[in-house]
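Student: Take this sequence and fold it.
(one chain, ligands or ions: 4)
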Amino acid sequence: MKNYRVFMGLMALLIIGLIAVGCGSNVQQPVAFRADIAPGTLSAEEFGKFYPKQYDTYMKNAEMSNEGSKYGGSEEYDKLTQWPFLKEIFAGYGFAIEYNEDRGHVYTLEDVKKIKRINEKSISACWTCKSANVPGVVAEMGDAYYSTNFHELKDKMTEPITCANCHDPQTMKLVITQPPLRDALTRLGKNPDKLTTQELRTLVCAQCHVEYYFTDDKKIVTFPWDNGLTPEEILEYYEELGFVDWEHPVAKVGEIKAQHPEFETFASGSVHYEAGVSCADCHMPYTMVGGEKISSHWWTSPLKHMNESCMTCHREGEEWLKERVFYTQDKVADMMARVGTVNVEAIQAIAEADAAGANQEVLNEARKLQRKAQFLVDWVGAENSMGFHNPQLTFDTLNKSMDYAYQAIAKAQEARTGTAAPQWNVNIPKLNSEAVRLMQAPAEPAPVA
Ligand code: HEC
Ligand code: HEC
Ligand code: HEC
Ligand code: HEC
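Tutor: Numbering: from 1, shown residues only. Ligands and ions are numbered 1, 2, ... in the order given. Predicted coordinates:
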């Protein structure tokens with residue numbers, strides 16, 4: 001029966017192939033033939049037997065290079081020495097011990113097992129975006145999976161991210177397999193099994209490249225999307241919940257750690273998202289392999305293959321476009337370093353006021369402001385594109401972080417001296433029609449004599 005299906009699948013592919021050749025067009029979409037791989041198959045090698053071309057590109061995820069990229073890349077480097085402010089804002093938390101640049105999808109198991117943030121008390125929730133075994137284990141154990149000791153489930157996590165994270169093995173259709181995204185979509189009234197291909201080309205990535213938190217009681221991985229996707233809406237969600245990841249020992253306030261909000265940043269009004277571009281368009285471009293057009297499964301910096309990722313839409317030269325990307329990224333990096341510094345100064349201002357016996361009630365207001373400032377700068381640092389995915393939102397987020405940080409400093413000073421800093425309520429005119437017109441309407445033309 002199975003062989004018969006494979007045979008039919010091959011026949012279908014052959015026929016479609018012939019049609020494609022017949023059309024003589026080079027813009028045919030790749031077609032996935034149905035190989036009917038057994039349900040529950042997780043290993044990439046198994047899928048690779050039927051889809052060797054996609055598998056070959058997938059194996060490139062093992063390559064490590066930063067070539068062509070200024071702030072991204074696949075080589076592991078230490079973010080804490082690159083951005084010293086991170087060590088200060090994460091004081092008292094695992095991220096101040098070790099925080100590295102991300103690597104390819106095939107390294108997830110290796111990286112999560114060796115990172116010093118994982119200790120004997122870590123929970124299984126940390127496996128969630130690292131292994132194709134997770135959906136099956138959650139189906140088996142239910143919510144108890146999340147709070148089970150991390151080391152207890154080590155033997156069950158045999159696969160890194162594989163084909164099964166995004167594809168139904170039988171039909172090869174894209175599917176949302178990760179329970180946290182299925183839950184979040186359902187809460188927002190969207191059926192995770194009724195998404196369009198266009199939506200899936202972004203949402204399969206949103207299974208993991210998102211902001212998340214662990215619920216207080218059962219430690220369930222949850223996406224904080226109920227108020228919306230922007231950093232401010234997510235901050236508001238955490239504020240309503242009173243959510244705390246850890247207590248900062250110097251600022252003495254409960255802080256929130258941002259994760260890797262690529263999806264939220266991209267989907268909150270970026271020019272590419274609004275133009276209908278998906279994550280896969282740039283990160284999984286069509287590529288020719290042995291005369292066949294396939295989707296690249298090498299998830300890496302698109303700056304390594306701009307011809308395939310960008311030049312399909314952009315007519316400017318590759319070098320020109322890359323300079324545009326670097327222009328944005330350099331400005332974001334400069335501003336992030338500055339805003340990070342003011343965040344550290346806010347923590348120090350609070351600590352100094354505390355040591356000087358300041359008014360605790362007022363100082364607690366300063367602490368609340370510092371917590372907000374910190375989450376917003378952390379958001380930008382944790383997002384992996386150095387602003388490229390949405391430059392306008394990124395600058396807005398940094399600006400708001402800077403504002404909260406300075407407000408925190410002013411409050412800390414007030415707590416110490418009893419004198420509030422001057423405040424001026426800015427009235428932001430949204431429309432040019434709200435401004436006073438300085439030019440009078442043109443005078444009636446003089447009557448012609
Ligand atoms: C992170 C998600 C993800 C993973 C993991 C993944 N794919 Fe895909 N795959 C996609 C997306 C997105 C497409 C494009 C689908 C579309 O546009 O219809 C795709 C398309 C395909 C296609 C259709 C033909 C083509 O090239 O577009 C095949 C076959 C395929 N993948 C095989 C694999 C194999 C084999 C693996 C494992 C080695 C794998 N995929 C892992 C997301 C994934
Ligand atoms: C099951 C979870 C999961 C899914 C689904 C997923 N990713 Fe990832 N991705 C990760 C993790 C975890 C890492 C970091 C791995 C490491 O550092 O060990 C990563 C790393 C990356 C990187 C950086 C690689 C490098 O070499 O620096 C890119 C780019 C990327 N993913 C893009 C995507 C895109 C695009 C999609 C959707 C088509 C996607 N990912 C789907 C979990 C996932
Ligand atoms: C318009 C093209 C485009 C789209 C769409 C896009 N990205 Fe990116 N992405 C980039 C560029 C450019 C970079 C910066 C790479 C660099 O700095 O080398 C990047 C960086 C990344 C990185 C870090 C890569 C690294 O080398 O460390 C990840 C992870 C990532 N994107 C995931 C996503 C996800 C998930 C989506 C969809 C929610 C997405 N991207 C949508 C172009 C795109
Ligand atoms: C599917 C089409 C598509 C792809 C693929 C694509 N872009 Fe774009 N890009 C657009 C559109 C549409 C705009 C809006 C402006 C315009 O029409 O040129 C845009 C705008 C931009 C801008 C200006 C952004 C701003 O905020 O002003 C930059 C820079 C850019 N793209 C870089 C890239 C890079 C780098 C890649 C590849 C990694 C890429 N794009 C891939 C369609 C695309």
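Student: Right, and ligand 1 sits closest to which residue of the stretch 301-449 of the chain?
Tutor: Nearest residue of the stretch 301-449 of the chain to ligand 1, counting by Cβ to the nearest ligand atom: residue 308, 12.8 Å away. For glycine as for every other residue, the C-beta is placed from the backbone atoms N, C-alpha and C.
Student: in what helix or strand does that residue lie?
Tutor: helix 306-309 (DSSP states H and E).
Student: residues of that helix that come out buried?
Tutor: By neighbour count on 16 or more other Cβ atoms under 10 Å, the buried set for helix 306-309 is 306, 308-309.
Student: ok, now stretch 344-352?
Tutor: Here stretch 344-352 shows 344-347, 349-351 as buried, counting by 16+ other Cβ under 10 Å.
Student: Show me what from the stretch 101-250 of the chain comes close to ligand 4.
Tutor: Residues of the stretch 101-250 of the chain found near ligand 4 (Cβ under 6 Å from any ligand atom): none.
Student: Show the pLDDT at the residue nearest in space to the middle of the chain.
Tutor: Nearest to the geometric centre of the chain sits residue 262, at 2.3 Å (Cα atoms, centre = their mean). Looking at residue 262, its pLDDT is 98.
Student: Quick check: it vs ligand 3, distance?
Tutor: 4 Å (Cβ to the nearest ligand atom, to the nearest Å).
Student: And residue 444, by the same measure?
Tutor: In terms of Cβ to the nearest ligand atom, residue 444 sits 52 Å off from ligand 3.
Student: what do you get for residue 358?
Tutor: Residue 358 sits 42 Å away from ligand 3, going by Cβ to the nearest ligand atom.
Student: ok, for that residue, nearest residue in space, not its chain neighbours?
Tutor: Leaving out its chain neighbours, the residue that sits closest to residue 358 by Cβ to Cβ, 6 or more residues apart in numbering is residue 415, at 3.8 Å.
Student: Equivalent analysis for residue 195, please.
Tutor: residue 203 (6.1 Å).
Student: before we move on, what about residue 173?
Tutor: Once flanking residues are discounted, residue 173 sits nearest to residue 167: 7.0 Å by Cβ to Cβ, 6+ apart.
Student: wait, what's in contact with the one you found?
Tutor: 47, 173-175 (Cβ atoms under 8 Å, 6 or more residues apart in numbering).
Student: Ok, residue 257 next?
Tutor: 90, 93, 95, 245-246, 378.
Student: quick check, it in a helix?
Tutor: No: read with DSSP: H, G, I helix; E, B strand; the rest coil, residue 257 is coil and lies in no helix.
Student: ok, back up a step: farthest-apart pair in the contacts of residue 257, please.
Tutor: 246 and 378 (12.4 Å; Cβ to Cβ).
Student: Which one's more surrounded, the two?
Tutor: residue 378 (24 against 16; other Cβ atoms under 10 Å).
Student: ok, now which ones touch the more buried one?
Tutor: So residue 378 contacts 89, 256-258 (Cβ under 8 Å, 6+ apart).
Student: Residue 296 too?
Tutor: Neighbouring residues of residue 296 by Cβ under 8 Å, 6+ apart: 57, 284-287, 305, 308.
Student: Make a markdown table from those residues and add secondary structure and distance to residue 236 to it.
Tutor: Putting these into a markdown table (DSSP: H, G, I helix; E, B strand; the rest coil; distance: Cβ to Cβ, whole Å) gives the following:
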| residue | secondary structure | distance to residue 236 |
| --- | --- | --- |
| 57 | helix | 40 |
| 284 | coil | 33 |
| 285 | coil | 36 |
| 286 | strand | 40 |
| 287 | strand | 42 |
| 305 | coil | 38 |
| 308 | helix | 39 |
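Student: Just the pLDDT at residue 91, thanks.
Tutor: For residue 91, the pLDDT comes out at 96.
Student: for it, helix, strand, or coil?
Tutor: Classified using three-state DSSP, residue 91 is coil.
Student: Ramachandran coordinates for residue 294?
Tutor: Main-chain torsions, residue 294, degrees, to the nearest 10: phi -130, psi 170.
Student: Count the residues that sit near the residue nearest to residue 195.
Tutor: When neighbours are counted by other Cβ under 10 Å, residue 203 registers 22.
Student: I'd say it and residue 181 touch.
Tutor: Yes: under the criterion of Cβ atoms under 8 Å, residue 203 makes contact with residue 181 at 7.0 Å.
Student: hey, what's in contact with both of these two?
Tutor: Shared contacts of residue 203 and residue 181, counting by Cβ under 8 Å, 6+ apart, come down to nothing at all.
Student: hmm, back to that, who's in contact with the residue nearest to the centre of the chain?
Tutor: Contacts of residue 262 by Cβ under 8 Å, 6+ apart are 205, 209-210, 279, 383-385, 389.
Student: which one of those residues sits closest to residue 424?
Tutor: Of all these, residue 383 has the smallest distance to residue 424: 31.9 Å, by Cβ to Cβ.
Student: And the pLDDT for that closest one?
Tutor: Residue 383 is given a pLDDT of 98.
Student: again, but for residue 105
Tutor: Reported pLDDT for residue 105: 87.
Student: Not counting its neighbours along the chain, what's nearest residue 135?
Tutor: Using Cβ to Cβ, 6+ apart, the closest residue to residue 135 is residue 177 (4.6 Å).
Student: how much space between the one you found and residue 168?
Tutor: Using Cβ to Cβ, to the nearest Å, we find residue 177 at a distance of 9 Å from residue 168.
Student: Compare the two and say which is more crowded by neighbours.
Tutor: Between residue 177 and residue 168, counted using other Cβ under 10 Å, the more crowded position is residue 177 (20 against 15).
Student: Would you confirm that the more buried one contacts residue 164?
Tutor: Yes: if you go by Cβ under 8 Å, residue 177 and residue 164 touch, sitting 7.0 Å apart.
Student: how about the host helix or strand of residue 362: buried residues?
Tutor: Counting by DSSP H and E, the element that carries residue 362 is helix 360-382. By neighbour count on 16+ other Cβ under 10 Å, the buried set for helix 360-382 is 362-363, 365-382.
Student: just checking, what packs against whichever helix or strand comes after it?
Tutor: Downstream of helix 360-382, the first helix or strand assigned by DSSP H and E is helix 391-417. Helix 391-417 sits against helix 231-241, helix 318-355, helix 360-382, with contacts defined as 3 or more Cβ pairs under 8 Å, 6 or more residues apart in numbering; DSSP states H and E.
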